[in-house]
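Student: Make a model of this:
(chains A and B)
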Amino acid sequence: GQQLNQSPQSMFIQEGEDVSMNCTSSSIFNTWLWYKQDPGEGPVLLIALYKAGELTSNGRLTAQFGITRKDSFLNISASIPSDVGIYFCAGSTQGGSEKLVFGKGTKLTVNP
Amino acid sequence: GAVVSQHPSRVICKSGTSVKIECRSLDFQATTMFWYRQFPKKSLMLMATSNEGSKATYEQGVEKDKFLINHASLTLSTLTVTSAHPEDSSFYICSAMDRDQPQHFGDGTRLSIL
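Tutor: The predicted structure is shown next:
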């Protein structure tokens, strides 16, 4: 079946540093989504990408839909303590209207 | 916008009890709802997909008689864990979406079976 390889698995950074994480796949996706999950809560949508090459920002977050449609990255600039959590990438082969394939998550720890 | 409410947030009950979890889309109509299970430090595992007014589609290995899903309206889906046992203890999360829109998730239900 389809799989997403998300890396890194975990990151430990200092407050103020920039962060980058990515997802790759052997399959083509038509939609890439990035979610953040805090402990004991459901994932919250951060950014949705629908077009190859698309670069989208949401505050300090920037994500790109790879040209090959087989990868995506998420950058967080000037990290703050509340950025702590688990970040998941997810892909869909349709316009988000079918089930998602999830990466295994990147656990981010920010030291004040 | 796109708020999904899941209730209850936590359930503790005895083995053999059936437990119902509700998932509501508060400010949009959800043509499709999804139910996930998440084990500690793991990613989300899709259990089933449900469309309003039709039977749910279950993923391979998920017992449909064990996990009953009802999607009776465009804003409500329920998951009933029947005759729950300790191995059913987990974090259950629903998501909802309108046509061609991203999935939005509820806050999850922590189910503990004693």
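
Student: Where does pLDDT dip in chain A?
Tutor: A:1-2, A:94-97 (pLDDT under 70).

Student: Find the closest residue to chain B in it.
Tutor: Closest contact between chain A and chain B, by CB to the nearest CB, is at A:Gly42 (3.7 Å). (Each C-beta comes from the backbone N, C-alpha and C, glycine too.)

Student: show me the contacts for that residue.
Tutor: Counting by CB atoms under 8 Å, 6 or more residues apart in numbering or on different chains, A:Gly42 makes contact with B:4, B:6, B:93, B:95, B:105-108.

Student: what residues does chain A put near chain B?
Tutor: A:31, A:33, A:35, A:40-45, A:48, A:88, A:95-100, A:102-105 (CB under 8 Å from any CB of the partner chain).

Student: Narrow those to those in strands?
Tutor: A:31, A:33, A:35, A:44-45, A:48, A:88, A:102 (DSSP state E).

Student: Excluding chain neighbours, what is closest to B:Ala84?
Tutor: Of all residues not flanking B:Ala84 in the chain, B:Ile113 sits nearest, at 4.7 Å (CB to CB, 6 or more residues apart in numbering or on different chains).

Student: The one you found: neighbouring residues, count only.
Tutor: By the measure other CB atoms under 10 Å in any protein chain shown, the count of residues near B:Ile113 is 19.

Student: correct me, but A:Ser7 touches A:Asn22?
Tutor: Yes. The criterion here is CB atoms under 8 Å, and A:Ser7 meets it with A:Asn22 at 6.3 Å.

Student: of these two, who's got more company?
Tutor: A:Asn22 (19 against 13).
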